[in-house]
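A.B. asks: Sequence first, then the predicted structure:
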Amino acid sequence: LLPLSPKCPGDAININTMMQQYVAAMYWSIATLTTVGYGDITANENSIAEIVFNTGILIVGTAAYTLVIALLEDIVAQLDVTSSLHKMKMNRLDIYSQQQGLPDSL
């Protein structure tokens, strides 16, 4: 980042190493938070491009999984509403047929 100064002791920060550590930390945190895990095939720890690509894939995969679960939940909720409406209509039809004196076999 900055040239070495005789007044400031210590080693200069290598920007490439810092970026690689940052990207690796982001990959680890996203893999952990999305509960995808690390699996048998992981990104090469020396390739920033590979880690960034895998992080993007983790995010896209998690979003797709979330969308599928949300759609399935919506379908199940609609089935329950449809079933309830069908039962209500059948109850009204039973009451009407009893009022009209229709045989139970109908």
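C.D. replies: Received it, and whenever you're ready, just let me know what you need. Numbering: from 1, shown residues only.

A.B. asks: residue contacts, the residue nearest the centre of the chain?
C.D. replies: For the chain, the residue sitting closest to the mean C-alpha position, by Cα atoms, centre = their mean, is residue 62 at 3.3 Å. Listed by Cβ atoms under 8 Å, 6 or more residues apart in numbering, the contact partners of residue 62 are 34, 36. (Glycine included, C-beta is placed from N, CA and C.)

A.B. asks: what about the strand or helix carrying it, distance to the chain center?
C.D. replies: Using DSSP states H and E, residue 62 falls within helix 48-99. Centroid separation between helix 48-99 and its chain, computed with Cα atoms, centre = their mean, to the nearest Å, is 15 Å.

A.B. asks: list the helices and strands the least confident helix or strand in the chain by mean pLDDT packs on?
C.D. replies: When each helix and strand of the chain is scored by mean pLDDT, DSSP states H and E, helix 15-33 comes last, with a mean of 80. The helices and strands touching helix 15-33, judged by 3 or more Cβ pairs under 8 Å, 6 or more residues apart in numbering; DSSP states H and E, are helix 48-99.

A.B. asks: now the angle between helix 15-33 and the helix it packs on, please.
C.D. replies: 20 degrees (axes from the mean of the first three to the mean of the last three Cα atoms, to 10 degrees).

A.B. asks: what comes up buried for stretch 26-38?
C.D. replies: Applying a neighbour-count criterion of 16 or more other Cβ atoms under 10 Å, one finds 27, 30, 31, 34, 36 buried in stretch 26-38.

A.B. asks: Go ahead and name everything in contact with that stretch.
C.D. replies: 43, 51, 52, 54, 55, 58, 59, 61, 62.

A.B. asks: Please convert the buried members of the residues you listed into ChimeraX selection syntax.
C.D. replies: In ChimeraX, a selection of the buried entries from the contacts of stretch 26-38 looks like this (16+ other Cβ under 10 Å):
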select :43,51,54,55,58
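
A.B. asks: Any chance of a markdown table for the contacts of stretch 26-38, columns distance to residue 84 and pLDDT?
C.D. replies: Formatted as a markdown table, the contacts of stretch 26-38 follow (distance: Cβ to Cβ, whole Å; pLDDT from 0 to 100):
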| residue | distance to residue 84 | pLDDT |
| --- | --- | --- |
| 43 | 49 | 74 |
| 51 | 50 | 83 |
| 52 | 49 | 86 |
| 54 | 45 | 82 |
| 55 | 44 | 84 |
| 58 | 39 | 84 |
| 59 | 38 | 87 |
| 61 | 35 | 87 |
| 62 | 33 | 88 |
